[in-house]
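> Mind looking at a prediction? Sequence and model below.
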Amino acid sequence: MNYPLAPPNDNPAIRDERFQIRVRGLSKSFRGQKVLDGLDLDLERGKINIIIGGSGQGKSVTMKHLMGLVKPDSGHIYVDGVDLVPMSDYQMNKLRSKFGMVFQYAALFDSMTVAENIAFPLIEHTKKTRREIRGIVAAALESVDLPGIEHKYPSELSGGMRKRVGLARAIVMQPEILFYDEPTTGLDPVATKNVDDLIAHVNRTLGVTSVVISHDMASTFRIAHRVGMLWGGRIVDIGTPQELLASRHPRVVEFLEVSGVLGRKETVA
Ligand SMILES: Nc1ncnc2c1ncn2[C@@H]1O[C@H](COP(=O)(O)OP(=O)(O)OP(=O)(O)O)[C@@H](O)[C@H]1O
Ligand SMILES: [Mg+2]
């Protein structure tokens, strides 16, 4: 067989079709401060996987490791069974074609139109014609429910619309895995619900594996298939939203109580 990167790991403990990303023993310190401390994490293929946890607990750092933007001090990150930790920049760039990223502040280029922003990765990384690109951009805008806004500039859009354009840009390369870092931060409840619906819609229609970092417990319990809580440099509990609500881990219970999720449940009961 001819593997473009490195041969997949044949260890049956790692190779499991159910999980597209498997993290083992990930540790990372910054200037002597340990942020990740032997973190293990399995992310389910084709599902919405959400990572929750307090500010500064290392959620963004974890995601940057998964995207190969930060190298760990030790540990392994298997994507489809292949460890990305020892990869060269060249190999990593190839792997990244599987990834789409939606950043916290959408990160659009203000001097470019919406169409130019969305077309950017296609022009950089493919040999598609202008006509093909126009069609792909129009379809991407349709799928984020913003048809026909090609000629607008980011400054003319609301925060929620900018996030949708950021998502449109992320999906034109047909990624297998979509990463979102706090996609609803700074949005009002209605715009938040719209972005949640869109994450669920894109997950369903494109069949991608979605990895979402969230502060927002209402959003998390609305759309997640699987929720993991990061605390003290590790995932202390992970499962379906229902399983997490039933968690007895003191940090999970505390976090859910403070964010009002458990409180509501108890009032109802
Ligand atoms: N490049 C870096 N250099 C030094 N320290 C860093 C770096 N990146 C992250 N850190 C530190 O790692 C810790 C975790 O940061 P991270 O951004 O992952 O937190 P977070 O869980 O995403 O928090 P928030 O919810 O506020 O976004 C913080 O103490 C942060 O200061
Ligand atoms: Mg963060």
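All right, it came through fine. Residues are numbered from 1 along each chain as shown. Ligands and ions are numbered 1, 2, ... in the order given.
> any idea how far residue 227 is from residue 176?
21 Å (C-beta to C-beta, to the nearest Å). Every residue, glycine included, has its C-beta placed from N, CA and C.
> quick one, which of those two is more surrounded?
It is residue 227, of residue 227 and residue 176, that has more neighbours when counted by other C-beta atoms under 10 Å, with 26 against 17.
> Shouldn't the more buried one be within a strand?
Yes: assessed with DSSP: H, G, I helix; E, B strand; the rest coil, residue 227 lies in a strand.
> May I have the beta-bridge partners of it?
residue 50, residue 239 (DSSP bridges).
> Would you pull up the residue in the stretch 151-269 of the chain closest to ligand 1?
Here the stretch 151-269 of the chain gets closest to ligand 1 at one residue, residue 215, 6.0 Å apart by C-beta to the nearest ligand atom.
> I figured that residue hits residue 185, correct?
Yes: using C-beta atoms under 8 Å, residue 215 is in contact with residue 185, at 6.7 Å.
> For the residue of the stretch 151-269 of the chain closest to ligand 1, give me the pLDDT.
Listed pLDDT for residue 215 reads 83.
> In contact with it, which residues?
Taking C-beta atoms under 8 Å, 6 or more residues apart in numbering, we find residue 215 in contact with 52, 55, 182, 185.
> do you know how far it is from residue 23?
Taking C-beta to C-beta, one finds residue 215 at 21 Å from residue 23.
> ok, which stretches of the stretch 151-269 of the chain are helices?
159-171, 189-206, 217-223, 241-245, 250-258, 261-268 (DSSP state H, counting those that start in this stretch).
> a markdown table please, covering these and showing distance to residue 149 and mean neighbour count.
As requested, the helices of the stretch 151-269 of the chain are exported to a markdown table (distance: least, C-beta to C-beta, whole Å; neighbours: other C-beta atoms under 10 Å):
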| stretch | distance to residue 149 | mean neighbour count |
| --- | --- | --- |
| helix 159-171 | 8 | 23 |
| helix 189-206 | 15 | 17 |
| helix 217-223 | 24 | 20 |
| helix 241-245 | 34 | 16 |
| helix 250-258 | 38 | 17 |
| helix 261-268 | 35 | 12 |
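> Including distance to ligand 2, could the ones you listed go into a markdown table?
As requested, the helices of the stretch 151-269 of the chain are exported to a markdown table (distance: least, C-beta to the ion, whole Å):
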| stretch | distance to ligand 2 |
| --- | --- |
| helix 159-171 | 16 |
| helix 189-206 | 17 |
| helix 217-223 | 15 |
| helix 241-245 | 20 |
| helix 250-258 | 15 |
| helix 261-268 | 20 |
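> and of these, who's closest to residue 123?
The closest of the helices of the stretch 151-269 of the chain to residue 123 is helix 159-171. By C-beta to C-beta, the value is 11.7 Å.
> Next, the angle helix 189-206 makes with the closest one.
20 degrees (axes from the mean of the first three to the mean of the last three C-alpha atoms, to 10 degrees).
> Tell me which residues are up against helix 159-171.
100-103, 106-108, 114, 117-118, 120-121, 137, 140-141, 143-146, 149, 154, 157, 178, 183-184, 186-187, 191, 194-195, 198-199, 202, 206.
> Give me the buried entries from those residues.
By neighbour count, with 16 or more other C-beta atoms under 10 Å, the contacts of helix 159-171 hold 100-102, 106, 108, 114, 117-118, 121, 137, 140-141, 143-144, 146, 149, 154, 157, 178, 183-184, 187, 191, 194-195, 198-199, 202, 206 as buried.
> Tell me which of the residues you listed fall in strands.
100, 101, 102, 178 (DSSP state E).
> which ones are touching the second one?
So that's residue 101. For residue 101, the contact set (C-beta under 8 Å, 6+ apart) comprises 67, 170, 178, 179, 180.
> Distance-wise, check it relative to residue 189.
Distance from residue 101 to residue 189, by C-beta to C-beta: 25 Å.
> Ligand 2 contacts on the stretch 51-200 of the chain?
59, 60 (C-beta under 5 Å from the ion).
> Nearest to ligand 2: which residue in the stretch 51-200 of the chain?
The nearest approach of the stretch 51-200 of the chain to ligand 2 comes at residue 60, 3.2 Å away (C-beta to the ion).
> Tell me how far that residue lies from residue 179.
For residue 60, the distance to residue 179 equals 10 Å [C-beta to C-beta].
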